[in-house]
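Colleague: Give me a model of this one.
(chains A and B)
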2 protein chains.
Amino acid sequence: MTIDTLSRADLQEFHDHQRQAYDALKQAGLSLDITRGKPSAEQLDLSTELLTLPGADDYRAGGVDVRNYGGNTGLPELRSIFAELLSVPVEQLVAGDNASLSLMHDTILWSLVHGNPDSPRPWAAEEKVTFICPSPGYDRHFAICEHYGIDMVAVDMLDDGPDMAAVRELVKDPSVKGIWLVPTYSNPTGAVISEAVAAELAALETAAPDFRIFWDNAYAVHHLTDEQVKTADILGLCASSGHPDRPLIYASTSKITLAGAGVSFFGSSPANIAWYLGHAAVRAIGPDKVNQWRHARFLRDAEGVLAHMERHREILGPKFAAVDEILSARLGDHGVATWTQPRGGYFVSLDVPDGTAARVVQLAKEAGIALTPAGAAFPYGQDPRDRHIRIAPSFPPLEELRAAMEGLCTCVLLAAAEKALA
Amino acid sequence: MTIDTLSRADLQEFHDHQRQAYDALKQAGLSLDITRGKPSAEQLDLSTELLTLPGADDYRAGGVDVRNYGGNTGLPELRSIFAELLSVPVEQLVAGDNASLSLMHDTILWSLVHGNPDSPRPWAAEEKVTFICPSPGYDRHFAICEHYGIDMVAVDMLDDGPDMAAVRELVKDPSVKGIWLVPTYSNPTGAVISEAVAAELAALETAAPDFRIFWDNAYAVHHLTDEQVKTADILGLCASSGHPDRPLIYASTSKITLAGAGVSFFGSSPANIAWYLGHAAVRAIGPDKVNQWRHARFLRDAEGVLAHMERHREILGPKFAAVDEILSARLGDHGVATWTQPRGGYFVSLDVPDGTAARVVQLAKEAGIALTPAGAAFPYGQDPRDRHIRIAPSFPPLEELRAAMEGLCTCVLLAAAEKALA
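Modeller: Numbers count the residues shown, from 1 in each chain, chains lettered A, B, ... in the order given. Reported below is the predicted structural model:
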């Protein structure tokens, strides 16, 4: 029975019931955390070999001593593995240090200070710079924009990508220089950008000559189903549409191997790669090639990566199933929430009744369940409908995740009842 | 016999003799490289254990799983080792990824874009920004300034630090925001900044309220003699002079462990560390903590680092001795060159007759001996006297180094004779 069909008296009774359940939850004194998309210890154990690789006598990659300085493009041996997985020619793919977020940060900062190869002037010399932010999206993307004074305009993230009607209008504004996208298994909705949407993004006529697609392919191989969705070839689509320099592709091994000690990748057109390397050479003499070599030895080839990801799926699959099972069992009948059933990635998006997300997060916090702050998945942390909650099932052990989800459902129901009564 | 005492006929004979020697050198078809301060393979072998550390079951540092995300300050276990060596309180020392150059780059860029805690406005909003560049100095420092449009003014690097009379005048200009310094075993002269000079730098009244000392302590423990020079405590000196936020201290393990896979450090005042971390948090979720843990396990403690550096000295000492021996034997009698005898660090500075350094480098190149471009150790690559050559003895095996130095001396003598005849 959905709660909007309840009489006032039944609603009150429903509320009181949820309140009791919530009070019991608080009594339980939980301390659970489903805030961030961190791999679990069990997942990290899959990469234990990295803790002893490459081995005492194994430091020559081709003619290169990986222990010494140099090589800003990164090791070809590792780049070739990810070139195949990311559909980027190896000569257009750079391997960096830990953290693709840093590559995004640096490319944006260099765009601001120096401009891109096709920029009339540095972005910072423009009256303003605006980014299109499909939302809900990744809070750390938006944090970079906010930190550097880049205006953000939210557009809805739909099942096949951003609301293109809105995007089409926005790019008529010459201040619009970029769009953030997680193309495959989007953070946090799990949406996959369709070939059609990717093709339209590639072909768009934009007022800014140096418009960029920030294509953060963080979950390219992070499948949760047998479907193994293939990411649209944004590099090829942009090139064939006459906009070869438009896409900036990012990826990393953070959620493949060790989250805190992975390798990042940056792919783009030859002109953009030359631009990147020109700036990167001023910043460092080279990335950590030993870690790249360690990864090349461990992962071996593209098939090795995919086989490794199957083992992640074995761990993650039951967790995502538990989230869906508990949400269905507890919320399914009440008409108070919708949520995603992602085919991959790290998150489930939960939409609760408008105006109650912050209340749910607060209730959960007081019951010892840490959730990402309400609104975090929107520019400036502002969810205009205050309804979105991001669930990160990966880190806690399954039983803790189940407890957190049960508690969360109690909070959702209580907040919904409070709102209906108000 | 110094060449300025030779008759014209004797000079011509001297020249012809050097020309013959040079032609023979070219015939030898050498391919030698003494351009960069890279550790040799033998030195890298000292850290072979890092290629198998930390070990399959060794990933917990205190309560932290070093494999996962987080921890932007870096691991306390490693920071405490270098806090002791660098005389920086551990809570004021951050450990980062490979490459302290990146930390210098990022702090300068954030100063430009955001300003420092004590800046009236971002540096980029000033009419101009000027750095004092003691010269000869480190070319990669100057490259950062040039890349970001920071004006550079050279002052002489003397035996005890920069020419303070010149520095004292320059800091009256409010556009002067910084000075580059390698305090111990300076790159490339090997000079050590004295306590007195450090104290004066700390106490200087500067027109810019946010003047910064970029204190790149790259060679803090890289001794070549038993003297083991102790770096001046710039942090303490600045704090006691009422300028606690003035020093920015950088260091790394690049020339302690693996040049391409080390750990970098940044130390400063509490206010500057908070400022740094605020920006760094937007750039990454944390540094490579596994590599930091690996280093903590390998180096163990400050004594472990110093013992390890003794082994580097055993390899480097004979190379520096060979450089000095060959320069003395070949050039000592001719009054054509002076050079440094560093007590540590990675370089020897060679001064040849004014106006001949570029010619020497060209002659050496044509004979298959790669040297750092003449002028590289000066802002904008311009050595006003065209006399300075940086020698990096570390990388080649001893016999190759000897061959390169013999060849270099031939080039110096020929260029000097050419000039004297011109």
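
Colleague: Looks to me like residue A:154 is in a helix.
Modeller: No - when the secondary structure is assigned by DSSP: H, G, I helix; E, B strand; the rest coil, residue A:154 falls in strand instead of a helix.

Colleague: That one contacts residue A:135, doesn't it?
Modeller: Yes - with the criterion set as C-beta atoms under 8 Å, residue A:154 and residue A:135 qualify as a contacting pair; they are 4.3 Å apart. The C-beta positions use only the backbone N, C-alpha and C, and glycine is treated the same way.

Colleague: joint contacts of these two?
Modeller: A:378, A:379 (C-beta atoms under 8 Å, 6 or more residues apart in numbering or on different chains).

Colleague: Would you mind measuring from the residue nearest to residue A:234 when sequence neighbours are not counted to chain B?
Modeller: The shortest distance from residue A:234 to any non-neighbouring residue, by C-beta to C-beta, 6 or more residues apart in numbering or on different chains, is to residue A:247 (4.5 Å). As defined by C-beta to the nearest C-beta, to the nearest Å, residue A:247 lies at a distance of 22 Å from chain B.

Colleague: which residues does residue A:247 bridge with?
Modeller: residue A:213 (DSSP bridges).

Colleague: Tell me the spacing between the residue of the stretch 301-422 of chain A found nearest chain B and residue A:185.
Modeller: Across the stretch 301-422 of chain A, the shortest distance to chain B (C-beta to the nearest C-beta) belongs to residue A:395, at 8.4 Å. Per C-beta to C-beta, to the nearest Å, residue A:395 is found 17 Å from residue A:185.

Colleague: quick one, which of the two is more surrounded?
Modeller: Regarding residue A:395 and residue A:185, a neighbour count based on other C-beta atoms under 10 Å in any protein chain shown identifies residue A:185 as having more, with 26 against 22.

Colleague: tell me the contacts of that one?
Modeller: Residue A:185 is in contact with A:191, A:192, A:219, A:222, A:223, A:224, A:229, A:342, A:343, A:344, A:345, A:346, counting by C-beta under 8 Å, 6+ apart.

Colleague: more neighbours, residue A:154 and residue A:135?
Modeller: Just comparing residue A:154 and residue A:135: by other C-beta under 10 Å the higher neighbour count belongs to residue A:135, 26 against 21.

Colleague: how close does that one sit to chain B?
Modeller: In terms of C-beta to the nearest C-beta, residue A:135 sits 19 Å off from chain B.

Colleague: where does that residue fall, phi/psi-wise?
Modeller: Recorded main-chain torsions at residue A:135 are phi -130, psi 150, according to degrees, to the nearest 10.

Colleague: Residue A:94 belongs to a strand, doesn't it?
Modeller: Yes - counting by three-state DSSP, residue A:94 is part of a strand.

Colleague: Could you verify my assumption that it touches residue A:273?
Modeller: Yes - counting by C-beta under 8 Å, residue A:94 sits close enough to residue A:273 to count as a contact (6.4 Å).

Colleague: tell me, what's touching those two both at once?
Modeller: Shared contacts of residue A:94 and residue A:273 (C-beta under 8 Å, 6+ apart): A:266, A:267.

Colleague: residues in contact with the residue lying closest to residue A:397 once chain neighbours are set aside?
Modeller: Spatial nearest neighbour of residue A:397, chain neighbours left out: residue A:40 (7.1 Å); criterion: C-beta to C-beta, 6+ apart. Contact partners of residue A:40, counting by C-beta under 8 Å, 6+ apart, are A:315, A:394, A:395, A:396, A:397.

Colleague: can we see that at 10 Å?
Modeller: By C-beta atoms under 10 Å, 6 or more residues apart in numbering or on different chains, the contact set of residue A:40 is A:312, A:315-316, A:319, A:393-398, A:401, B:65, B:68.

Colleague: same question, residue A:101
Modeller: Residues A:138, A:140-141, A:143-144, A:216, A:218, A:250, A:252, A:254, A:264, B:282-285 are the ones in contact with residue A:101 under the rule C-beta under 10 Å, 6+ apart.

Colleague: now, which of these lie within helices?
Modeller: A:140, A:141, A:143, A:144, B:282, B:283 (DSSP state H).

Colleague: helix/strand/coil for the residue positioned nearest the centre of chain A?
Modeller: Among the residues of chain A, the one closest to the centroid is residue A:187, at 3.7 Å (C-alpha atoms, centre = their mean). Each residue gets one of three states, and residue A:187 gets coil by three-state DSSP.

Colleague: The closest residue to residue A:214 other than its chain neighbours sits in which helix or strand?
Modeller: Leaving aside its sequence neighbours, residue A:214 sits nearest to residue A:180 (C-beta to C-beta, 6+ apart; 5.0 Å). When secondary structure is defined by DSSP states H and E, residue A:180 falls within strand A:176-181.
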